[in-house]
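Novice: need coordinates for the following:
(one chain, ligands or ions: 1)
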Amino acid sequence: MSEQNKLLRKLPKIDLVLDNLENLLLERIPVAIVKSAIRETIDTFRVQILGGGHVKLPGSTKDWNDVFLKAIEKKNRPNLQRVINGTGVVIHTNLGRSLLGPESIKALQTAGAYFTNLEFDLSTGSRGSRYSLVEEIICDLTGAEAALVVNNNAAAVLLALNTLSFHKKTVVSRGQLVEIGGSFRIPDVMERSGALMVEVGATNRTHLVDYEKVIDEETALLLKVHTSNFRLIGFTSEVSASDLAVLGKQYQVPVMEDLGSGSLIDLAPWGLPKEPTVQEIVKAGVDVVTFSGDKLLGGPQAGIIVGKKDIIARIKSNPMNRALRIDKFTLASLEAVLREYYDFEQALQSVPTLSMLTNDAGNIKKKGQRILRRLGGAVKLRETIQLKPTVSRVGGGAMPEHGLDSWALVIRPGDTSASELERWFRGLTVPLILRIEDKQMIIDLRTILEDDIPLLIDILKNYLDKGQKN
Ligand SMILES: *Cc1c(COP(=O)(O)O)cnc(C)c1O
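Specialist: Residues are numbered from 1 along each chain as shown. The predicted model follows:
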């Protein structure tokens, strides 16, 4: 018999495995999960054997059981799980972007557990509009005449372009044909929206006359895109929102700006770069502005469209709007976040994205000292974990070149490679996601939440006690 066949014969039968595991499965796990985890585990070994490489099968029944129990436990765990963000990237798209504060979470719970007036007008007893729940608040905060919310900002851009420029020309600067990530590219989105793109200017410089020269009867829109995730430096110039708005009025062509992040607060006093706020762009006379709910605004994933009444009305009645519409959970939490902004000082405290972004390095250092104190003063600790200055990032494609002064717990990996250790921290029950720099592991404390601290301490204690082998 070939080596391969010998190995294949050693693979256990599912029923036998089930009998063996019977007394070990203390938790009530659905039998369908148990069976398919066992089947998948055996299949993985079979594929490896048939692949012809060297395969080391578990030896004893106990070894096999351990392998199966691990697979069952993994399959029974929710796929979406909490992680600890030690990367220092505040708006981390891969880790879920913005976190919600207590008021938003309360609103989510209510929307989930109870019937609501989502589309029911309580004053008339007849059908209402879900959009009316946040429109007035958005107008109050931004100074816009009207507003609409959709699934995300990509949807907002698509919907606005489709409404205003279907089979008609949209003029846009060559310096603003950006890719946001996740394959959202302005030229591609424009094409899908049915808008005909007319590029003007050069990559580094575009002037008002460039727009003016191409305007004709088929021009439906002048588009400005905020280049949130990259910067043009050197010999550059772009046309301001207010100049473009004046030009649009002169030729009676609407002007739109995709703002991307859409901050409602100028964070410059907290040492962040000056980003145009939504209020400023509205005031500049731009007819329609789109921005994200979960970037600098710090709310749930959403796309917010604000602007002139007639334009917003046209966008609302576009049949595509139904396909991109916002769900009740998003609306509930978005309303709660927006309400925080009626008091800016309050918002800086209660909107987690804002409080993380504006937290100063001194506070973050204190957090680190607190954690180190609670870890105790073992010699081993001082050798392996140190509190050092580092630089965090805003993330979410916002303020790309700006670093935020911060503090980190820096772990020297000793005998194990940093990448191996990174994998170990990532594989924990509550995974710790960190950065590697110069072969050291950086846990940036800016994005470590108060709730994370006890867990982080346990993780680090466990690491110091037993090393990564456990
Ligand atoms: C982030 C961004 C988008 C996409 O927004 P989502 O809310 O992620 O869909 C579009 N345009 C700009 C300029 C952006 O920065």
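Novice: ok and the residue in the stretch 351-470 of the chain nearest the ligand?
Specialist: G397 (4.8 Å; C-beta to the nearest ligand atom). Any C-beta I mention is one placed from the backbone N, CA and C, and that applies to glycine too.
Novice: for that residue, grab the count of nearby residues.
Specialist: Using other C-beta atoms under 10 Å, the number of residues around G397 comes to 21.
Novice: which residues sit in contact with the spatially closest residue to it that is not a sequence neighbour?
Specialist: Setting aside the residues directly before and after it, G397 is nearest to N229 in space (C-beta to C-beta, 6 or more residues apart in numbering), at 3.5 Å. If you count contacts by C-beta atoms under 8 Å, 6 or more residues apart in numbering, N229 has them with V178, I180, G181, G260, G397, A398, P400.
Novice: SS state for N229?
Specialist: State at N229, reduced to three classes by DSSP: H, G, I helix; E, B strand; the rest coil: coil.
Novice: would you mind measuring from it to I411?
Specialist: Separation of N229 from I411 (C-beta to C-beta, to the nearest Å) stands at 30 Å.
Novice: how close does L57 get to D452?
Specialist: Per C-beta to C-beta, L57 is found 39 Å from D452.
Novice: if we can go back for a sec, correct me if wrong: the residue of the stretch 351-470 of the chain closest to the ligand contacts L259.
Specialist: No - assessed by C-beta atoms under 8 Å, G397 is found out of contact with L259, at 11.8 Å.
Novice: anything in contact with each of those two?
Specialist: Common contacts of G397 and L259, defined by C-beta under 8 Å, 6+ apart, comprise S228.
Novice: now which of the contacts of N229 would you call buried?
Specialist: In those, burial by neighbour count holds for V178, I180, G260, G397, A398, counting by 16 or more other C-beta atoms under 10 Å.
Novice: looking at these, which are in strands?
Specialist: Among those, the ones falling in strands (DSSP state E) are G260, A398.
Novice: switch the buried ones among the contacts of N229 over to CSV; also include pLDDT and distance to L99.
Specialist: Formatted as CSV, the buried ones among the contacts of N229 follow (pLDDT from 0 to 100; distance: C-beta to C-beta, whole Å):
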residue, pLDDT, distance to L99
V178, 88, 26
I180, 81, 21
G260, 92, 20
G397, 78, 18
A398, 77, 16
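Novice: ok, the residue in the stretch 51-200 of the chain positioned nearest to the ligand - contacts?
Specialist: Closest contact between the stretch 51-200 of the chain and the ligand, by C-beta to the nearest ligand atom, is at N153 (3.0 Å). Neighbouring residues of N153 by C-beta under 8 Å, 6+ apart: D258, G260, G262, T290, F291, S292, G293, A302, G303, I304.
Novice: would you mind measuring from the residue of the stretch 251-400 of the chain found nearest the ligand to V278?
Specialist: Residue of the stretch 251-400 of the chain nearest the ligand, by C-beta to the nearest ligand atom: G260 (2.4 Å). Distance of G260 to V278, given as C-beta to C-beta: 11 Å.
Novice: overlap of the contact sets of those two?
Specialist: F291.
Novice: pull the most distant pair out of the contacts of N229.
Specialist: V178 and A398 (12.9 Å; C-beta to C-beta).
Novice: kindly list the main-chain dihedrals of the closest residue in space to L141 that isn't next to it in sequence?
Specialist: Of all residues not flanking L141 in the chain, Y341 sits nearest, at 5.3 Å (C-beta to C-beta, 6+ apart). Per-residue torsions, Y341: phi -80, psi -10 (degrees, to the nearest 10).
Novice: for Y341, grab the count of nearby residues.
Specialist: 23.
Novice: likewise for A220?
Specialist: 19.
Novice: tell me the strands beside the strand or helix carrying it, with direction?
Specialist: For A220, the host element (DSSP states H and E) is strand 219-225. Applying DSSP bridges to the sheet, strand 219-225 is found paired with strand 169-173 (parallel), strand 255-260 (parallel).
Novice: any residues touching the last one, and which ones?
Specialist: Contacts of strand 255-260 with the rest of the structure, by C-beta under 8 Å, 6+ apart, involve 153, 156-157, 160-161, 164, 180, 186, 221-226, 228-229, 241, 244-245, 247-248, 276, 278, 281, 285-292, 295, 307, 397-398.
Novice: immediately after that strand, which helix or strand?
Specialist: Immediately after strand 255-260, counting by DSSP H and E, sits helix 278-283.
Novice: now for that following helix, which elements pack on it?
Specialist: The helices and strands touching helix 278-283, judged by 3 or more C-beta pairs under 8 Å, 6 or more residues apart in numbering; DSSP states H and E, are helix 132-142, strand 255-260, strand 288-292, strand 303-307.
Novice: how about a cut-off of 6 Å?
Specialist: helix 132-142 (3 or more C-beta pairs under 6 Å, 6 or more residues apart in numbering; DSSP states H and E).
Novice: is it correct that K388 falls within a strand?
Specialist: Yes - assessed by three-state DSSP, K388 belongs to a strand.
Novice: my read: it touches L409, true?
Specialist: No - counting by C-beta atoms under 6 Å, K388 does not reach L409; the two are 8.1 Å apart.
Novice: same drill for those two, tell me which one is more crowded.
Specialist: Comparing K388 with L409 by neighbour count (other C-beta under 10 Å), the higher total belongs to L409, at 25 against 12.
Novice: OK, contacts around that one?
Specialist: The contact partners of L409, by C-beta atoms under 6 Å, 6 or more residues apart in numbering, come to I385, I443.
Novice: 7 Å instead, please
Specialist: G368, I371, I385, L387, I443, L445 (C-beta atoms under 7 Å, 6 or more residues apart in numbering).
Novice: just L108 next, same as before
Specialist: L108 sits in contact with F329, A332, S333, where contact means C-beta under 7 Å, 6+ apart.
Novice: nearest spatial neighbour of it, skipping sequence neighbours?
Specialist: S333 (5.1 Å).
Novice: let's verify the one you found: helix, strand, or coil?
Specialist: Of the three states, S333 takes helix according to three-state DSSP.
Novice: and it, what pLDDT?
Specialist: Looking at S333, its pLDDT reads 98.
Novice: same question for R412.
Specialist: So R412 comes in at 87 (pLDDT).
Novice: ok, N363 next?
Specialist: In this model, N363 carries a pLDDT of 97.
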